[in-house]
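# compute the structure for the input listed below.
(one chain, ligands or ions: 2)
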Amino acid sequence: MSDLQTREEYQAIAASLTPAATAFVDGAFRPARSGKTFASTNPATGETLAEVAACQAEDVDFAVRKAREAFDDGRWRCKAPAERKDILIRLAKLLHRNRHELAVLESLDSGKPIRDCATVDVPDTINTLKWHAEAIDKLYDQSAPVGEDAMALIVREPIGVAACVLPWNFPLMMLAWKIGPALASGCSVIVKPAEQTSLSALRVAELAMEAGLPAGVLNVVTGDGPGAGEPLGLHGDVDMVSFTGSTETGRRFLRYSADSNLKKVVLECGGKNPAIVTDDAEDLDLVAEHVTNAAFWNMGENCSATSRLIVHEAAKAPLMERILARARDWRTGDPLDPANHLGALVDRGHFDKVCGYLEHGRAEAEVVLGGQGADGYVEPTIFDAVDRESRLAREEIFGPVLSVITVRSADEAVTIANDSPYGLAASVFSANGKRALRTARAVRAGTVTVNCYGEGDITTPFGGYKQSGFGGRDNGLQAHDQYTELKTIWIDLSDRGPTDAVD
Ligand SMILES: NC(=O)C1=CN([C@@H]2O[C@H](COP(=O)(O)OP(=O)(O)OC[C@H]3O[C@@H](n4cnc5c(N)ncnc54)[C@H](OP(=O)(O)O)[C@@H]3O)[C@@H](O)[C@H]2O)C=CC1
Ligand SMILES: CCCCCC/C=C/C(=O)O
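Numbering: from 1, shown residues only. Ligands and ions are numbered 1, 2, ... in the order given. Sure, this is the predicted structure:
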């Protein structure tokens, strides 16, 4: 049964909110030392939701010190695994109890439609934390096959202080994708939310304390990239950074690491994700449903959104007819109205950027749907006859914009799909199983879905090839690799005495 409330109920929740807006460090809300703040606004109305602490290097330094103390004295990492599991499960339960409030906070702060916040973002956040919590006391270390005269243990240890730098498109979900495995691994964590969307992370940190997480283990430093993100990236006592955002900023984190302590860096960056539809694709209604969802869900503000439809000329006309029919049904408007599929884009700067692409597309390609933005909203837009070399075909737009490229063979489709600096996600639609799988293997992307579109789920690793990703994966048990080091402990079991020679 749907957990959705009515628009009026969501409005009442919104009116009752007084979101915390300072940093959260060592178990307490704290303003930035400078006293500076910045406004967090509701992109749908322009209204200021909160004045958020603008943390800078000195605040970051304090947070790192507190996170390090918490790590070193073992208040979290040395707890019995079952006890850590219980605390994180308590947190998941608290999130569930506060799910409507969290969904509204997320929608107000980001412009995302409440229907998605309530049915995808918040449930996925809860499930992610629960899943990693459940794993804590079920993961075993290993012993290497080194023979009778020794025993070699391969043990996982938490890496230390982990910095999680978040984007604004899935503030809660990306928080959970990172703090879930980081806390499960025993790390201390410092979260840097995107400046547009700090509020839900602060609420989660507060609820984590209520769940029993020791002070200093989960900290949130609010602020912008240069003010708070850069000092985190450059800090000599941060052991790793897990980043989701643009490829350009991801590159900066590699430089920060090189210029400081060679901290581990894991990047989940942009995408220009193709959906390949071959001439033998069957059930075009289903294909249309997947493509529409993949392109326009979350206003296309999704690194794994389908932004290129690469379709065989034989399947194109009937498919486009079906996609258009569906996309026309997607309503855009007030994010707090559960009837709307698309809300507002995250802020004016991003809206202007997407509108720049629309203007370019109107001049370079054929508009078959939408093509205009107004007052912070962009309706589903489809451009046909897109030149594969054009900006529409190559650049990440991060809006509800689908570019259609027509091909004459599956090989041509794969060549175009791979002709991108990105390699995050792709989908292939073909009724011929062999061809579908061959194509899936030929596309260079971290996730390829066959005859469907999806992001996978918590059990499957998520990340990209090429400039879409670096250094590791979110989700799945593989996510724990980000936040752990492997240690080999070698024990001599031989009869050799201490004076026996070793060759
Ligand atoms: N892969 C993905 O999921 C995402 C991709 N993008 C893409 O990136 C484009 C730009 O969006 P934008 O918000 O600027 O994304 P960014 O990659 O710049 O932001 C992601 C995170 O990095 C932080 N950051 C920004 N600059 C720096 C810096 N110099 N040093 C350290 N940290 C920094 C941001 O902080 P702050 O925002 O507070 O400045 C935010 O927390 C979008 O249009 C979209 O194409 C955006 C978001 C997510
Ligand atoms: C229902 C799962 C949606 C996952 C979206 C993942 C996107 C990540 C990103 O844009 O960074």
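# do you know how far Pro461 is from Ala315?
Using CB to CB, to the nearest Å, we find Pro461 at a distance of 31 Å from Ala315. Heads up, the C-betas are built off the backbone N, CA and C, glycines and all.
# more neighbours, those two?
The neighbour count for Pro461 versus Ala315, taken as other CB atoms under 10 Å, is higher for Ala315 (20 against 16).
# who's in contact with that one?
Going by CB atoms under 8 Å, 6 or more residues apart in numbering, Ala315 touches Val277, Thr278, Asp279, Ala281, Leu284.
# mind running it again at 7 Å?
With contact taken as CB atoms under 7 Å, 6 or more residues apart in numbering, Ala315 is in contact with Val277, Asp279, Ala281, Leu284.
# in helices, which of the residues you listed appear?
Mapping the contacts of Ala315 onto helices (DSSP state H) picks out Leu284.
# burial of the residue in the chain positioned nearest to ligand 2, as a residue count?
Using CB to the nearest ligand atom, the single residue of the chain nearest to ligand 2 is Cys303, 3.3 Å away. When neighbours are counted by other CB under 10 Å, Cys303 registers 28.
# so it touches Lys272, yeah?
No. Using CB atoms under 7 Å, Cys303 is not in contact with Lys272, being 9.8 Å away.
# distance check, Phe24 against Glu485.
Phe24 is 27 Å from Glu485, where distance means CB to CB.
# neighbour-wise, which of these two wins?
When Phe24 and Glu485 are compared for neighbours, Phe24 comes out ahead with 27 against 15, by other CB under 10 Å.
# quick check, the more buried one in a helix?
No. Counting by DSSP: H, G, I helix; E, B strand; the rest coil, Phe24 falls outside a helix, being strand.
# SS state for Leu94?
The local conformation at Leu94, judged by three-state DSSP, is helix.
# tell me, how many residues neighbour it?
Leu94 has 17 neighbouring residues, counting by other CB under 10 Å.
# OK, contacts around the closest residue to it other than its chain neighbours?
The shortest distance from Leu94 to any non-neighbouring residue, by CB to CB, 6 or more residues apart in numbering, is to Leu207 (4.5 Å). By CB under 7 Å, 6+ apart, Leu207 lies in contact with Leu91, Leu94, Leu95, Asn98.
# check contacts around the last one.
Under the criterion of CB under 7 Å, 6+ apart, the contact partners of Asn98 comprise Leu207.
# ok, it to ligand 1 distance?
To ligand 1, Asn98 is 24 Å away according to CB to the nearest ligand atom, to the nearest Å.
# what's the pLDDT at that residue?
Predicted confidence (pLDDT) for Asn98: 98.
# can you check the first one too?
As summarised for this prediction, Leu91 has a pLDDT of 99.
# give me the three-state assignment for it.
Looking at Leu91 with three-state DSSP, the answer is helix.
# residue contacts, it?
Neighbouring residues of Leu91 by CB under 7 Å, 6+ apart: Leu129, Leu207, Ala208, Ala211, Leu213.
# with Lys466 instead?
Contacts of Lys466 by CB under 7 Å, 6+ apart are Pro421, Tyr422, Gly423, Arg444.
# go again using 8 Å as the cut-off
Ser420, Pro421, Tyr422, Gly423, Arg444.
# leaving out sequence neighbours, find the closest residue to the fourth one.
This points to Gly423. Excluding its sequence neighbours, the residue lying closest to Gly423 (CB to CB, 6+ apart) is Tyr465, at 3.1 Å.
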